[in-house]
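> what follows is a predicted protein model with its sequence.
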Amino acid sequence: MEFNVAQLIKENPGSSKYYTLSDNLISSKNHCVSQSPVLAPDSDISLSGTAKMLRTDAGIWVTAELSCEVICLCSRCLNAHGRRLTVVIDEEYYLSTYSTNDFDIDEGQFISNDNILDLVPSIRDHVDLELPLNPICREDCAGICIDCGLNLNQHQCTCKKSF
Ligand SMILES: [Zn+2]
Ligand SMILES: [Zn+2]
């Protein structure tokens, strides 16, 4: 998800470029997309979609819509299951030479000195926002018996239910 935007930076404000994106990233690695505990550890995150990059006075405005497939752990039975998220990016990235008094701008919002624009920090923020807090593998997931630890979707346990 790194783009060399040297060419676009040389062009006048208003110029734009379109990209088709497709990438596989791994959760919980250095350059990770998310460290959310609801994601299966070291699972693949596949991203695909399109991005428009528009040269602005201060840098490049990115609008992108990505379809993102992640593997979540069920909060009831811990079963790993696939989930599709939509990530929409609509953000300006600034030239490394751009000086501003706006201290709210995150480091990740800058294009590097060698003209690399990295979308991973934005994608990470959006994936974390889109992930459900308590994913379940299916609506009627029976979960795990708290007494014997059996997955009740697959087995019927003999523990007495005490109320
Ligand atoms: Zn489940
Ligand atoms: Zn049981």
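Received the coordinates, thanks. Model, not experiment: these values are computed from the prediction. Ligands and ions are numbered 1, 2, ... in the order given.

> name the element the residue nearest the centre of the chain belongs to?
For the chain, the residue sitting closest to the mean C-alpha position, by C-alpha atoms, centre = their mean, is residue 127 at 3.3 Å. For residue 127, the element it lies in under DSSP states H and E is helix 120-130.

> buried ones in that helix?
Within helix 120-130, the residues that count as buried by 16 or more other C-beta atoms under 10 Å are 120-127, 130. Quick note: C-beta positions are derived from backbone N, CA and C, even for glycine.

> from those, which is closest to residue 50?
Residue 50 lies nearest to residue 123 out of the buried residues of helix 120-130, by C-beta to C-beta, at 14.0 Å.

> hang on, the closest one packs against residue 89?
Yes - Residue 123 is within contact range of residue 89, at 7.2 Å (criterion: C-beta atoms under 8 Å).

> shared neighbours of these two, anything?
Here residue 123 and residue 89 share the contacting residues residue 66, scored by C-beta atoms under 8 Å, 6 or more residues apart in numbering.

> rewinding a little: which of the buried residues of helix 120-130 sits closest to residue 45?
residue 127 (7.4 Å).

> who touches the closest one in this structure?
Applying C-beta under 8 Å, 6+ apart to residue 127 gives the contacts 33-34, 36, 45, 68, 70, 85, 87.

> quick one: which of these sit in helices?
Assigned to helices by DSSP state H, none of the contacts of residue 127 qualify.

> what would the buried residues of helix 120-130 look like in a markdown table with pLDDT and distance to ligand 2?
Formatted as a markdown table, the buried residues of helix 120-130 follow (pLDDT from 0 to 100; distance: C-beta to the ion, whole Å):
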| residue | pLDDT | distance to ligand 2 |
| --- | --- | --- |
| 120 | 85 | 43 |
| 121 | 84 | 44 |
| 122 | 88 | 44 |
| 123 | 87 | 41 |
| 124 | 84 | 39 |
| 125 | 86 | 40 |
| 126 | 89 | 39 |
| 127 | 88 | 35 |
| 130 | 91 | 34 |
